[in-house]
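*Asks:* whatever this is, show me its structure:
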Amino acid sequence: MMNNFQLLFAAVFPTTVVLVGILLNRQDIHGLRQEIGSLRSDLSGRIELLTRKVIGLTDRVSHLEARMGK
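*Replies:* Reported below is the predicted structural model:
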């Protein structure tokens, strides 16, 4: 027969370890979501900058073409 310590070790300890693992995984997932949000924001800003530069370049080329009579 199992004594109280054996019962505690066999039932409660593994459950506690699993719960702690779940909590740690949740924290990791939350951190990853924040990092993904930051990367999206950074990428969005870079795309907007690139878009503005392409538009500016297009305007300059159009202006040159107009001056050259094309």
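*Asks:* quick one: mean pLDDT for the top helix by length along the chain?
*Replies:* For the chain, the helix that runs over the most residues, judged by DSSP state H, is helix 13-68. Confidence for helix 13-68, expressed as mean pLDDT, is 96.
*Asks:* centre of the chain to it, how far?
*Replies:* 7 Å (CA atoms, centre = their mean, to the nearest Å).
*Asks:* let me know how buried H63 is, in neighbour terms.
*Replies:* 10 (other CB atoms under 10 Å). Every residue, glycine included, has its C-beta placed from N, CA and C.
*Asks:* please apply the same query to V18.
*Replies:* 10.
*Asks:* ok so, going back, which strands or helices does the longest helix of the chain pack on?
*Replies:* Taking 3 or more CB pairs under 8 Å, 6 or more residues apart in numbering; DSSP states H and E as contact, there are no helices or strands that helix 13-68 lies on.
*Asks:* quick check: the residue positioned nearest the centre of the chain vs H30, distance?
*Replies:* By CA atoms, centre = their mean, the mean C-alpha position of the chain lies nearest to I36, the distance being 1.2 Å. Counting by CB to CB, to the nearest Å, the separation of I36 from H30 is 11 Å.
*Asks:* what count of nearby residues applies to R46?
*Replies:* 10.
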